[in-house]
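Peer 1: only geometry, no sequence info:
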């Protein structure tokens, strides 16, 4: 009886550790994927956010697979960088 309980607890701990391992692996994979996407689109994103007219740059950015959210995020970052530079 005690051996069965110990076996059950060992099995539960192995399942728990496996779940933790695969969750960490999944999160690591998504982090690396996100970083590669950022690196891949960084120059295009900067080029797209350099323009003021969204109607002019939207087709250009669509060609490179950058969504409006990327453009908007890039504009916010650009504004923040410009604000920091202007304070100096």
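Peer 2: That came through fine. Treat the numbers as computed from the prediction; the structure is a model and nothing was measured.
Peer 1: least confident secondary structure element in this structure?
Peer 2: One helix or strand of the chain scores below all others by mean pLDDT, DSSP states H and E: helix 68-87, with a mean of 51.
Peer 1: which regions of the chain sit below the pLDDT cut-off?
Peer 2: Residue ranges of the chain with pLDDT under 70: 30-88.
Peer 1: switch the cut-off to 90
Peer 2: Low-confidence segments of the chain (pLDDT under 90): 1-10, 12-88.
Peer 1: let me know the secondary structure of residue 3.
Peer 2: Three-state call for residue 3 (DSSP: H, G, I helix; E, B strand; the rest coil): helix.
Peer 1: and for it, the neighbour number?
Peer 2: By other C-beta atoms under 10 Å, 7 other residues sit near residue 3. C-beta: built from backbone N, CA, C; applies to glycine.
Peer 1: what sits against it?
Peer 2: For residue 3, no residue meets the contact criterion (C-beta atoms under 8 Å, 6 or more residues apart in numbering).
Peer 1: relative to residue 27, how far out is it?
Peer 2: In this view, residue 3 and residue 27 are 36 Å apart by C-beta to C-beta, to the nearest Å.
Peer 1: do residue 16 as well
Peer 2: 17 Å.
Peer 1: how many neighbours does residue 28 have?
Peer 2: Neighbours around residue 28, by other C-beta under 10 Å: 10.
Peer 1: same thing with residue 19?
Peer 2: Residue 19: 10 neighbours (other C-beta under 10 Å).
Peer 1: do residue 8 as well
Peer 2: Here the number of neighbours of residue 8 (other C-beta under 10 Å) works out to 10.
Peer 1: what's the answer for residue 26, then?
Peer 2: Neighbourhood size, residue 26 [other C-beta under 10 Å]: 10.
Peer 1: what helix or strand does it sit in?
Peer 2: Using DSSP states H and E, residue 26 falls within helix 2-49.
Peer 1: quick one: contacts of stretch 11-19?
Peer 2: Outside stretch 11-19, not a single residue reaches it (C-beta under 8 Å, 6+ apart).
Peer 1: tell me which residues in that stretch are buried?
Peer 2: Of the residues in stretch 11-19, none has enough neighbours to count as buried (16 or more other C-beta atoms under 10 Å).
Peer 1: number the chain from 23, please
Peer 2: All set: I'll call the first residue 23, so the last point we hit is now stretch 33-41.
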